[in-house]
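K.L.:
Would you be able to build a 3D model of this:
(one chain, ligands or ions: 2)
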Amino acid sequence: MEKSSHFLNEAEIEGFFRMAEPINLRGMSLYDGFLSLEAQEQMVKDLREVVRAAPLFSPITPSGKAMSVRMTSAGRYGWVSDRKGYRYSETHPDGGPWPAIPQSVLNVWEKVSGASRSPECCLVNFYDETAKMGMHQDRDEQDFSQPVLSISLGDDALFRVGNLTRGGKTESVWLRSGDVLVMGGEARRLYHGIDRVKPNSSTLLPKGGRINLTLRVVT
Ligand code: SIN
Ligand code: MN
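P.N.:
Ligands and ions are numbered 1, 2, ... in the order given. Have a look, this model is predicted:
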């Protein structure tokens, strides 16, 4: 019988996830190697459907530059940016609604977020070998008591974490395929970014590159 992405029972979830004590990164919790290869492959399959329904686009920053990361979203809200600014929208720039967040992704939130609410947005970031993301805070959401949960798939990425205000000493860690990072509590508001992606460091995505998912409670 083919394994369905939907409604995995506890036993199946256990085989998909490696539960171990997370690494503390300035208050963020890094679950190193959390997703099994099988879980990663299932997620990529589910994300192909998401991207089919809501194609990746290159957001334009308010200052008019195209971001190097291509994006789309799943869930009630998607994150968009253009000359008018950064915000959440109930529609894709093409005009349609966003597809549902895949169950394979929701399972991770259930397992490790510790959140009291369900995610309303799964932002899908695609990095090719030249893409990066400058230091920023996630602050377009209304309730900072809810964590942001990040899932890495594909090539390794150098993640930098800073402080509650811009500048100061930073620390970096390589995020690898299958890693899950929970930014909760005070660490929810830490500046962070991606300096670079290491090409050909993973074989998960046939054409290379990196996918990062961030699950957010928006309202
Ligand atoms: C983000 O901060 O939205 C993305 C972080 C990442 O790509 O790991
Ligand atoms: Mn962010």
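K.L.:
Taking this structure, what residue is nearest to ligand 1?
P.N.:
Nearest to ligand 1, among the residues of the chain, is N212, at 3.3 Å (CB to the nearest ligand atom). Any C-beta I mention is one placed from the backbone N, CA and C, and that applies to glycine too.
K.L.:
Give the full set of residues in contact with that residue.
P.N.:
Applying CB atoms under 8 Å, 6 or more residues apart in numbering, we find N212 in contact with 124-125, 127, 150-153, 157, 175, 194.
K.L.:
Turn the residues you listed into TSV, columns for secondary structure and distance to W98.
P.N.:
As requested, those are arranged in TSV below (DSSP: H, G, I helix; E, B strand; the rest coil; distance: CB to CB, whole Å):
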residue	secondary structure	distance to W98
V124	strand	10
N125	strand	15
Y127	strand	20
S150	strand	18
I151	strand	17
S152	strand	21
L153	strand	19
A157	strand	24
L175	strand	24
I194	strand	23
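K.L.:
still on that earlier bit, regarding the residue of the chain closest to ligand 1, what is its secondary structure?
P.N.:
Secondary structure of N212, reduced to three states by DSSP: H, G, I helix; E, B strand; the rest coil: strand.
K.L.:
That one pairs with what?
P.N.:
Applying DSSP bridges to N212 yields these beta-bridge partners: N125, S152.
K.L.:
And for L149, nearest residue in space, chain neighbours not counted?
P.N.:
Nearest-residue entry for L149: L215, 4.5 Å, with adjacent residues in sequence omitted and distances by CB to CB, 6 or more residues apart in numbering.
K.L.:
Hmm, N107 and that neighbour touching each other?
P.N.:
No. Under the criterion of CB atoms under 8 Å, L215 is not in contact with N107, lying 11.1 Å apart.
K.L.:
Give me the local confidence score for K3.
P.N.:
The predicted structure scores K3 at 47 on the pLDDT scale.
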